[in-house]
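Student: just a sequence and a predicted model for now, questions to come.
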Amino acid sequence: AKDPAMTYVVTEACINCKHSDCVEVCTVDSFNKGANFLVIHPDECIDCGVCVPECPVEAIYADADVPAGLQQYVALNAELAQDWPAITRKVDPLPEAKQWAGVSNKLEQLKRA
Ligand code: F3S
């Protein structure tokens, strides 16, 4: 990101869903993948926002617009993006994606490794 204070962020709704439609439209390959969640690398994101409407569960926000209660995902994206490999192609959603869509407080479900 040109301005280091600005990036898009993947939040809780992605956990256990991982639809990955977002990946397909990212022109700078800024998504990184964990077992059940994706994150955006803040240094690679160019703040274009094309991924936002692609996510079926509305998990992605501009960092300035992350709702209260999901603020910790800003730091979490930055942290996990250091450790997780890039993902550049859409993959199948997780098999349990439908059950987990719309469920709140999924942070404890996050698989970090
Ligand atoms: Fe996750 Fe939505 Fe992308 S569920 S993998 S942020 S399309």
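Tutor: Now that the structure is in, tell me what you want to look at.

Student: break down this structure into its helices, ranges please.
Tutor: 21-25, 72-83, 97-100 (DSSP state H).

Student: if we look at the second one, which residues are touching it?
Tutor: Residues external to helix 72-83 that are found in contact with it (CB atoms under 8 Å, 6 or more residues apart in numbering): 7, 9-12, 32, 34, 37, 39-42, 44, 63, 66, 107, 112. (Glycine included, C-beta is placed from N, CA and C.)

Student: check these against the ligand, which are close?
Tutor: Val10 (CB under 6 Å from any ligand atom).

Student: pLDDT weak spots in this protein?
Tutor: By pLDDT under 70, the weakly predicted segments of the chain are 1-5.

Student: near the ligand, which residues of it? Just list them.
Tutor: Residues of the chain lying near the ligand (CB under 6 Å from any ligand atom): 10, 14, 17-22, 38, 54-55, 57, 59-60.

Student: ChimeraX command to pick out the buried ones of these?
Tutor: Buried members of the residues of the chain next to the ligand, identified by 16 or more other CB atoms under 10 Å, are gathered into one ChimeraX selection as follows:
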select :10,14,17,18,19,20,22,38,54,55,57,59,60
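
Student: and which of the residues of the chain next to the ligand is nearest Arg89?
Tutor: Using CB to CB, Ser20 comes nearest to Arg89 of the residues of the chain next to the ligand, at 8.0 Å.
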